[in-house]
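A.B. asks: sequence below, structure please.
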Amino acid sequence: MKITLEPMNTGETEIIIRGDIASGEVSALLSFINSGTNSGKLLLYREDEQYPVDAKDIVYLEASDGRVTALTTEGIYYTKQKLYELKDLLSSLPFAQINKGVIVNIDFVKSVSAEFSGNYTLRLKNSKETLTVSRKYIKEFKSKI
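C.D. replies: Presented below is the predicted three-dimensional model:
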């Protein structure tokens with residue numbers, strides 16, 4: 001690995017990675033970088049008030065009707081961030097996107113069962129609720145387990 005440092009006064013640190021971005025070395029580097037920038041808390045909203053919530057308390061995040069909802073162990077919150085931004089932010093934690101509109105905390109998954117269609121159904125701990133893992137996202141989900 002070659003490391004080059006270039007001093008700049010732009011106000012924001014920029015990291016550029018060149019090479020095989022699918023390599024394990026790059027994945028480990030990104031995880032390390034994300035672990036330093038993510039305090040493990042998200043700023044979520046309920047009734048026009050802001051609450052810092054530990055990411056480990058989030059069961060899943062769901063995007064629908066132009067809004068992202070966070071189901072936590074304490075209740076339902078909202079966030080102003082987009083789902084793809086949250087996915088990047090939570091990449092070093094046990095979260096996986098399971099379909100176009102849902103990111104789930106792997107620690108809250110009780111069981112996984114296959115469906116005839118090729119999708120999978122997740123049953124959540126301490127809940128009768130189920131979520132669907134689409135075929136497109138099953139590889140990512142299995143890699144996080």
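A.B. asks: for the helix or strand residue 112 falls within, the distance to its chain's centre please.
C.D. replies: Taking DSSP states H and E as the definition, one finds residue 112 inside strand 109-114. Per Cα atoms, centre = their mean, to the nearest Å, the displacement of strand 109-114 from the mean C-alpha position of its chain is 19 Å.
A.B. asks: likewise for stretch 121-140?
C.D. replies: A distance of 14 Å separates the centroid of the chain from that of stretch 121-140, by Cα atoms, centre = their mean.
A.B. asks: and if you look at stretch 129-145?
C.D. replies: 12 Å.
A.B. asks: please apply the same query to stretch 7-23.
C.D. replies: Centroid separation between stretch 7-23 and its chain, computed with Cα atoms, centre = their mean, is 22 Å.
A.B. asks: and the strands in this protein?
C.D. replies: Across the chain, reading from the start of the chain, the strands by DSSP state E fall at 41-46, 49-54, 58-64, 67-72, 75-79, 95-99, 102-105, 109-114, 120-124, 130-133.
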